[in-house]
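Q: can you look at this prediction? I've put the sequence above it.
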Amino acid sequence: MNNGNAGGCVRLFILAFLLTSMLVLQGCMGAGRMEPLPCTEIDSMDLKARVACYQKQLETVPPSMRHSIELALKKEQYTLSILYMEQGSRYLEDNNLSQASDFLSKSIEAFPGNDRASQLLIQTLNRQKSLELVDRAESLIAQKSFDSAKKLLEEALTLYPENREALGFLEHFKNRNFRSSEYDIFIESDQKFSLRFKETAILDVFDIISKLADINIVFDKDVRQQNISVFVKDIYVMDFLEMLLKTNNLAAKQTDKKTLLIYPDTPQKQKEYQDLQVRTFYLSYLKAKDTLPVIAKVLNLKDIIANETTNTITVRDSDKSIDIVAKLIKANDIPEPEVVLNVEMLEVSSTLEEELGLSYPDVITFGVSNTSSGINSSSAFSLAGFGSLNDLGTLSSRELYLSIPTVKLNLLKQDGDTRILAKPSVRVSNNQKATILLGERIPLRSNRRVEDNGAVTYDYQYQDVGIKLVATPDVNRNEEIRLILNLEQSSLGSNVGTSEDPQYAINTRSADTVLTVKDGSTVIIGGLTRKEDRKTVNTVPLLGDIPVLKKLFTHESNGDTNTDLLITITPVIISGAPLPDDDTSTFWSGNWQRIHTTEPYIKKMEQHDPVIPEMPKAE
């Protein structure tokens, strides 16, 4: 007994020791764990410090607390991002683009998911790029390189449509007679001169121009001496020089700011002196192999190739020719319209069913009456419901019964049934086929082969059977859709071959049409009717075979089913083709001998308001 008490005390002591050790160990672990920093005690306006605090906590907290810390960090980062974005937006409104870019970048860095800040940053960068392009255009205008300046100004407006400087320069171009040279030359002289030359050597005339414009003129060895007569008044040196070159089949190349090279305007000399440029155009919607012959034909280019792998076109020619190629591609490389075809296929059945004649029951009940006086209660018929033929012979006619047949006179007609077969919607590009098949693909035997060992094998070809619709939309510029439709309804017919070599006929009904509908209008196609005849005859055995009484004991059911297929199509334009601007679709391209984009002087003058003569005063 004492030993038992001693053992119990020992066990209690060990248990107490283990509990104490666990508590001490847990306390040590708790003491060694870093408590979370009190980030919420940081000033709410000091968002950067709060974000840094939560980021530091993530490095030390246990996994069980990471989720809550991450949520708090995301909240502070988003708040900081919004603060930076609002500051950047205010700088953008004040046109302080540098500060706006810095704060918007900080906003995205604080919270990369801030899409609004990303959009504002793109606007800021585009505005900066637009202003830089205007500065470059202004420098080109000072050099009288007006075509290049105009392209930069148009690009600046594309990036920032509200750029007032670019708008002002372009308006200035429209209202004044700025003309670039056909020969890629410019002379810094705004003075006008009046000149008279009669039977004067052309080299002497160029000498006068050299002195008036303070430039150097060098002649190719093949420039021939000839006499000319010229009478001009109030003309710029630049315009007079161009006129002189054009009328004497000469060309000019500027070698530096003060020097011009004059040479005969022949193909051989152009190859010798003309600088060529190589440019690769990356096409988005056009196919390079289809675009190449169009460009080569329009501009009579020879050094042009297409790369079908990268869908690019590379051109080597003068810079003016390449500028025209760029405009041609810009005017034609536009996205194709897309159309959604909302199709509904309905099957309308018209059933004309007639039931005429007497309808007899299928079963006649035969039995023995339980109330018959000739049958006692202990007979087999009474107890078991059946008996022997000997017992049946003892029955009288009053002890037998059978059910009286019920005769119905049927006169019934049914008409009408409609069901929706399918309601597909198909998205298709312009001038591309959209195919909808509602049916199945049936394998039909197409070829029979006998091998050398006598084995017979067959080839099979799959045939589409059912309802097939092929639609090709063509969208025009008036938001109208020209639809090329082909509707076909087919079914498997009877075997026109043999049982050993079956060949099945395909029953086909089709309709083809071309029509034009407005965007969102509905077209209905119908008339593909299928007729099925059905006849059912029910007769009373034996009696229905008697020629005279045949009609009295026969029931006929005749059915005619006319099935009409109706297709409704509602085309909807979801993306139209944007039209290029007038400057892209219409531009000048020089003459048959020289390609350039300089607008003729007379056309430029036609853009000015006409001078309205003063009406004579009434006397």
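A: Thanks, I have the structure now.
Q: contacts and neighbour counts: CA atoms only from here.
A: Noted.
Q: without its sequence neighbours, what residue ends up closest to Ile313?
A: Spatial nearest neighbour of Ile313, chain neighbours left out: Ala306 (4.5 Å); criterion: C-alpha to C-alpha, 6 or more residues apart in numbering.
Q: pull the contacting residues for the one you found.
A: 288-289, 292, 312-314 (C-alpha atoms under 8 Å, 6 or more residues apart in numbering).
Q: can you check Gln128 too?
A: With C-alpha under 8 Å, 6+ apart, Gln128 has these contacts: Leu97.
Q: that one: what secondary structure?
A: helix (DSSP: H, G, I helix; E, B strand; the rest coil).
Q: ok, now the one 5 residues further on?
A: Secondary structure assignment for Leu133 (three-state DSSP): helix.
Q: neighbours around it, how many?
A: Per other C-alpha atoms under 10 Å, the neighbour tally for Leu133 reads 22.
Q: hmm, back to that, could you report the pLDDT at the residue nearest to Ile313?
A: Note on Ala306: pLDDT of 94.
Q: so it is in which element?
A: Assessed by DSSP states H and E, Ala306 sits inside strand 304-307.
Q: tell me what the helix or strand that that strand is followed by is packed against?
A: Using DSSP H and E, the helix or strand that follows strand 304-307 in sequence is strand 312-317. Applying 3 or more C-alpha pairs under 8 Å, 6 or more residues apart in numbering; DSSP states H and E, one finds that strand 312-317 contacts strand 277-282, helix 288-299, strand 304-307.
Q: let me have the contacts of Ala306 in TSV, extended by pLDDT, distance to Thr259 and neighbour count.
A: TSV is the format used below for the contacts of Ala306 (pLDDT from 0 to 100; distance: C-alpha to C-alpha, whole Å; neighbours: other C-alpha atoms under 10 Å):
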residue	pLDDT	distance to Thr259	neighbour count
Ala288	93	41	22
Lys289	93	43	15
Leu292	93	38	19
Thr312	95	38	20
Ile313	95	35	22
Thr314	96	32	17
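Q: domain ranges for the protein?
A: 47-113, 125-176, 192-272, 281-334+578-595, 340-349+414-575, 361-384+394-406 (the TED database).
Q: got these as JSON lines, with distance to Ile185 columns?
A: Shown next, in JSON lines, are the domains of the chain (distance: least, C-alpha to C-alpha, whole Å):
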{"stretch": "domain 47-113", "distance to Ile185": "37"}
{"stretch": "domain 125-176", "distance to Ile185": "9"}
{"stretch": "domain 192-272", "distance to Ile185": "6"}
{"stretch": "domain 281-334+578-595", "distance to Ile185": "13"}
{"stretch": "domain 340-349+414-575", "distance to Ile185": "42"}
{"stretch": "domain 361-384+394-406", "distance to Ile185": "110"}
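Q: these: lowest mean pLDDT?
A: When I compare these, domain 361-384+394-406 is least confident, with a mean of 51.
Q: where's Ile420, which helix or strand?
A: Ile420 belongs to strand 417-422, assigned by DSSP H and E.
Q: isn't Ser210 right next to Asn216, touching?
A: Yes. The pair Ser210 / Asn216 is scored as a contact, 6.0 Å apart, by C-alpha atoms under 8 Å.
Q: which SS state does Lys221 fall under?
A: Assignment for Lys221 (three-state DSSP): coil.
Q: what's the closest non-adjacent residue to it?
A: Tyr263 is the one closest to Lys221 (C-alpha to C-alpha, 6+ apart), at 8.0 Å.
Q: what sits against that neighbour?
A: 219-223, 250-252, 269.
Q: in a helix, it, correct?
A: No. Judged by three-state DSSP, Tyr263 forms no part of a helix; its state is strand.
Q: can you lay out the contacts of Ala306 as JSON lines showing distance to Asn342?
A: Below are these laid out as JSON lines (distance: C-alpha to C-alpha, whole Å):
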{"residue": "Ala288", "distance to Asn342": "33"}
{"residue": "Lys289", "distance to Asn342": "34"}
{"residue": "Leu292", "distance to Asn342": "37"}
{"residue": "Thr312", "distance to Asn342": "36"}
{"residue": "Ile313", "distance to Asn342": "38"}
{"residue": "Thr314", "distance to Asn342": "42"}
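Q: circling back to that earlier point, of the contacts of Tyr263, grab the buried ones for PyMOL.
A: Of the contacts of Tyr263, the buried ones go into a single PyMOL selection, burial set by 16 or more other C-alpha atoms under 10 Å:
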select buried, resi 250+251+252
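Q: can you add distance to Ser429 and give the contacts of Tyr263 back as CSV?
A: Output for the contacts of Tyr263, formatted as CSV (distance: C-alpha to C-alpha, whole Å):
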residue, distance to Ser429
Phe219, 58
Asp220, 57
Lys221, 59
Asp222, 58
Val223, 58
Leu250, 51
Ala251, 49
Ala252, 50
Lys269, 49
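Q: coming back round to it: which two in the contacts of Ala306 are spaced the farthest apart?
A: Farthest-apart pair in these is Lys289 and Thr314; separation 11.7 Å (C-alpha to C-alpha).
Q: which one among the contacts of Ala306 gets closest to Ser321?
A: When these are compared against Ser321 (criterion: C-alpha to C-alpha), the nearest one is Thr314, at 12.6 Å.
Q: what's the closest non-adjacent residue to that closest one?
A: Counting by C-alpha to C-alpha, 6+ apart, the residue nearest Thr314 is Thr280, at 4.2 Å.
Q: residues near the one you found, how many?
A: 16.
Q: apart from its neighbours in sequence, what residue is nearest Leu469?
A: Nearest one to Leu469, counting by C-alpha to C-alpha, 6+ apart, is Leu487 at 4.7 Å.
Q: run a quick neighbour tally on the one you found.
A: Leu487 has 19 nearby residues by other C-alpha under 10 Å.
Q: now do the contacts for it.
A: By C-alpha under 8 Å, 6+ apart, the contact set of Leu487 is 467-470, 510-512.
Q: and it, what helix or strand is that in?
A: Assigned by DSSP H and E, Leu487 falls within strand 480-495.
Q: beyond the strand or helix carrying Leu140, next helix or strand please.
A: Using DSSP H and E, the element containing Leu140 is helix 115-142. The element immediately downstream of helix 115-142 (helix or strand, assigned by DSSP H and E) is helix 146-159.
Q: what inclination does the helix or strand just after that following helix have with respect to helix 146-159?
A: With elements assigned by DSSP H and E, the helix or strand that comes after helix 146-159 is helix 164-175. Here the directions of helix 164-175 and helix 146-159 differ by 140 degrees (axes from the mean of the first three to the mean of the last three C-alpha atoms, to 10 degrees).
Q: now do the buried residues in helix 164-175.
A: Buried residues in helix 164-175 (16+ other C-alpha under 10 Å): 165-167, 169-170.
Q: cool, and stretch 449-460?
A: Quick answer for stretch 449-460: no buried residues (16+ other C-alpha under 10 Å).
Q: what about that stretch, how long is it end to end?
A: Stretch 449-460 has its terminal residues 12 Å apart, counting by C-alpha to C-alpha, to the nearest Å.
Q: ok, which stretches of the stretch 251-400 of the chain are helices?
A: For the stretch 251-400 of the chain, the helices defined by DSSP state H, counting those that start in this stretch occupy 267-273, 288-299, 319-332, 380-384, 389-393.
Q: which one of these is the most hemmed in?
A: helix 319-332 (a mean of 18; mean count of other C-alpha atoms under 10 Å).
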